[in-house]
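Novice: Would you be able to build a 3D model of this:
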Amino acid sequence: MEKKNIKISIRNIFCNTLKSSKITYIILLMVFTFPMLLIIIGKIEPQKLNISIGDAAPYDIRSPKDVVDELTTERLKKEASDNVEPVYRVNPSVQMKMKSDIQDFFNIIRDVKSYENISVSKKANLVKDQGNIELSQREYLTAVRMDNKTLNSLENNIYDIINQIMSLGVKEDALDYEKQNVIDVFKSLDMGTDEMNLGIAIVNNTMKPNKYLDAEETQKAKAEEAEKIEPIIVKEGQIIVRKGEKVSQNAYNVIKEADLLKEEGNFQVSTIIGTLLLILLMEGIIGIYLYYFDKDVLNTSKGFILILIIILTVIISTGVNNISHYIMPVATAAMLISIVINSRLALIVNLLLSFLIGLVMGTDESIMFMFMIGGSVGAFSAMKPAQRYNIFLSGLIIGVVNILAIVSFSLIKKVEVIDIIIRCGYGLLNGILCAILTIGTLPIWENVFKILTPLKLLELLNLNQPLLKRLLMEAPGTYHHSIVVGNLSEGAAEAIGANGLLAKVGAYYHDVGKLKRPYFFKENQIGMDNPHDKLNPTLSTMIITNHTKDGLALAEKYNIPKEIKDIILQHHGDTIVAYFYYKALKEGDPKNIKVQDFRYKGPKPQTKEAAIVMLADSCEAAVRSLKEPNKGKIEEMVRNIVKGKLDDGQLRECDLTFKDLNTITNTFCNILLGIFHDRIEYPDIKLKDIKGAE
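Specialist: Numbering: from 1, shown residues only. Alright, predicted model coming up:
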């Protein structure tokens, strides 16, 4: 008794004490914000060190996350960059200018040579004055004395040598070397000494550097080579400095990068503000979604359940994170929210939670992606579990999806095969852990907060439930009627997009109130007199209409969920008990008969499921009363009953549309036709006639 009172008080705290929606929102905000802030800051700000370069490490300092060793990485990049050969660029215009000058020089020689009545020395002086190449007097004389054939041959040789040397490029610091190379080339040719000296002088006096350092390309090549160097990573859990060792500059930088250095105060103000903003952004997105699409979550205990699921998931993830990032059970939140609330909210929370936990725990993008994909699959697969073991199957599916996500990123990043196998093992373990946590905690949400889940509904459908067993044993007619009504309700609810499972369970329990006086109801009066024949209509009406109230009392006793109790109470609305009303009119003075005294006390159906049970209840009873049911009679009866409930105003407070009513009517007719179909009349054949025919 004490345990029950504690559960009731908890439920009252969460469900009944919050009268103002504004107060509810404020409390929800506070309940979510402050625990999350403490958890996240506690994880972002691990144990800090007050240490400087040269100090001895007080203990083995390990990295709380993967950290890039910047100094070592930069040193390796610099070495790679320094080993890059400079990039040079050959300027073709220098070679072209050189050949042009030489061509002009030879043209001048040919012109001067054509002059008549001028001495050779004067011709040499004219070439010297008009030419653009500085030579010795002897070389000018050699040029003007040379016959045209030899001159042309020399010119062609010079062009060949220029093409050979200048095409490869001549650097400024290699100019003297290339000039010597020109001399060696000319010496290898078959020509006279004066001709050779003239050629050497022409080439070497016009040769200029044409190969220059391309600083931009050189820098680009150095940068490309440096980029090839992979960052040196200090892995999560790897020792940065062993106990007693002095902290080097490099180790100090790694410690700083790992956020292990103690700043002024316990927490940095920027860390607190940033974390708070992150949480508020997450709250804002979820809050906006709930306000526009699932406002009832904010006004019921589901809001607190949502907060608790998120907080517990974060706490468990931070603890499991010490083993491996890959087994943090983020998908647990998605599975629980999908079962307890709905899958759309589960998807949104999963995406935000995956990002938040990934950011806080310092995971890379591949693990965040795994959380997002695995959680999304969990939200879908756990949407309508048929049995609790289906949740375990959902966990296995999450594990397989995790493996696929891990393999895809590992192949892209070229991870070692052994590491891929280990990570895949963790990914499968992640899915199994999520399933275990979901199955293990689901009864808490169902029982403490009275949340009606598909699994709870399936448990209520079990025919071994004490209340259903009583109904079968003590009121078998009502029991079988309820089973048929359940099938009708489930089919109609699913046809219009309502909760078919809830409608079916509500139908199974809708008449449990008849257990108090089972034989006062026609379906249980098999082979016995009708006790109502000895009662006045008013008393009979009271007994009949009280079965909804009696059913509510029994449902309370057997801890039946509120949604089912609502159907029990609402499935007759405030309809009139017509039989006893007309009986009263016949037996008494019509002036003293008030129709209100012969109505159920209500309320009218508030949900689609309650309205469907009402219609299914009336249709099943009415069709069963037909002596020779056929398709036409059944359809006419069903449509008249639905129209009668509509005209009587019984469907005003639920969300059924005319289209829904038409769909419900057609569904009822199809199912009832299957139940009350025509049967073959078998002939009366005696056993002795059969034996005689053999």
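Novice: and the chain, what are its domains?
Specialist: Residue ranges for each domain of the chain read 2-43+267-451, 95-208, 456-675, as given by automatic domain parsing.
Novice: can you redo the ones you listed as TSV with mean pLDDT?
Specialist: Formatted as TSV, the domains of the chain follow (pLDDT from 0 to 100):
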stretch	mean pLDDT
domain 2-43+267-451	83
domain 95-208	85
domain 456-675	91
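Novice: Format those as a markdown table; extra columns: distance to Lys228 and mean neighbour count.
Specialist: Just so you know, the C-beta spots here come from the backbone N, C-alpha and C atoms, and that holds for glycine as well. Shown next, in a markdown table, are those (distance: least, C-beta to C-beta, whole Å; neighbours: other C-beta atoms under 10 Å):
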| stretch | distance to Lys228 | mean neighbour count |
| --- | --- | --- |
| domain 2-43+267-451 | 14 | 18 |
| domain 95-208 | 27 | 16 |
| domain 456-675 | 59 | 19 |
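Novice: So which of the ones you listed is nearest Glu85?
Specialist: Closest to Glu85 of the domains of the chain is domain 95-208 (C-beta to C-beta; 12.9 Å).
Novice: Contact partners for the spatially most central residue of the chain?
Specialist: Against the mean C-alpha coordinate of the chain, by C-alpha atoms, centre = their mean, the closest residue is Met372 at 3.1 Å. With contact set as C-beta atoms under 8 Å, 6 or more residues apart in numbering, Met372 has these partners: 350-351, 354-355.
Novice: Nearest to Lys604 among those residues?
Specialist: Among the contacts of Met372, and counting by C-beta to C-beta, the member closest to Lys604 is Asn350, at 38.7 Å.
Novice: and that closest one, how far is that from Val90?
Specialist: Distance of Asn350 to Val90, given as C-beta to C-beta, to the nearest Å: 61 Å.
Novice: Who's the closest spatial neighbour of Val144, skipping the chain neighbours?
Specialist: Closest residue in space to Val144, ignoring its immediate chain neighbours: Lys123 at 4.3 Å, by C-beta to C-beta, 6 or more residues apart in numbering.
Novice: What's the separation between the one you found and Tyr115?
Specialist: In terms of C-beta to C-beta, Lys123 sits 6 Å off from Tyr115.
Novice: hang on, the earlier thing: now render the domains of the chain as CSV, adding distance to Ala223.
Specialist: Listed next are the domains of the chain as CSV, based on distance: least, C-beta to C-beta, whole Å:
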stretch, distance to Ala223
domain 2-43+267-451, 22
domain 95-208, 23
domain 456-675, 61
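Novice: Can you check which of those gets nearest to Leu71?
Specialist: Among the domains of the chain, domain 2-43+267-451 comes nearest to Leu71, with 20.6 Å by C-beta to C-beta.
Novice: Quick check: what element follows the top helix by length along the chain along the chain?
Specialist: Ranked by residue count and defined by DSSP state H, the top helix of the chain is helix 417-448. From helix 417-448 onward toward the C-terminus, using DSSP states H and E, the following helix or strand is helix 454-461.
Novice: Beyond that next one, next helix or strand please.
Specialist: helix 466-474.
Novice: Which strands or helices does the following helix or strand past that following helix pack on?
Specialist: From helix 466-474 onward toward the C-terminus, using DSSP H and E, the following helix or strand is helix 476-496. Helices and strands touching helix 476-496, by 3 or more C-beta pairs under 8 Å, 6 or more residues apart in numbering; DSSP states H and E, are helix 466-474, helix 500-509, helix 608-624, helix 658-675.
Novice: Export those helices to TSV and append columns for distance to Leu261.
Specialist: Shown next, in TSV, are the helices and strands packed on helix 476-496 (distance: least, C-beta to C-beta, whole Å):
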stretch	distance to Leu261
helix 466-474	64
helix 500-509	57
helix 608-624	60
helix 658-675	65
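Novice: re the thing from before, mind checking which helix or strand the residue nearest to the centre of the chain is in?
Specialist: Here Met372 is assigned to helix 365-381, by DSSP H and E.
Novice: Asp574 against Pro605, yeah?
Specialist: No: the criterion here is C-beta atoms under 8 Å, and Asp574 misses it with Pro605 at 10.5 Å.
Novice: Give me the common contacts of those two.
Specialist: With C-beta under 8 Å, 6+ apart as the test, Asp574 and Pro605 both reach Gln650.
Novice: what's the offset of the helix holding Met372 from the middle of its chain?
Specialist: 5 Å (C-alpha atoms, centre = their mean, to the nearest Å).
Novice: so the following helix or strand past that helix versus helix 454-461, what angle?
Specialist: For helix 365-381, the following helix or strand on the C-terminal side (DSSP H and E) is helix 388-413. Interaxial angle of helix 388-413 relative to helix 454-461 (axes from the mean of the first three to the mean of the last three C-alpha atoms, to 10 degrees): 160 degrees.
Novice: What is helix 388-413 packed up against?
Specialist: Using 3+ C-beta pairs under 8 Å, 6+ apart, the elements in contact with helix 388-413 are helix 331-340, helix 365-381, helix 417-448.
Novice: let's go with 10 Å and repeat that
Specialist: helix 331-340, helix 365-381, helix 417-448, helix 454-461 (3 or more C-beta pairs under 10 Å, 6 or more residues apart in numbering; DSSP states H and E).
Novice: Give me the residues contacting the last one.
Specialist: Contacts with helix 454-461, where a contact means C-beta atoms under 10 Å, 6 or more residues apart in numbering, come from 339, 382-388, 390-391, 439, 442-443, 445-447, 450, 452-453, 465, 467-468, 486, 499-506, 508-509, 558, 560-561, 563-564.
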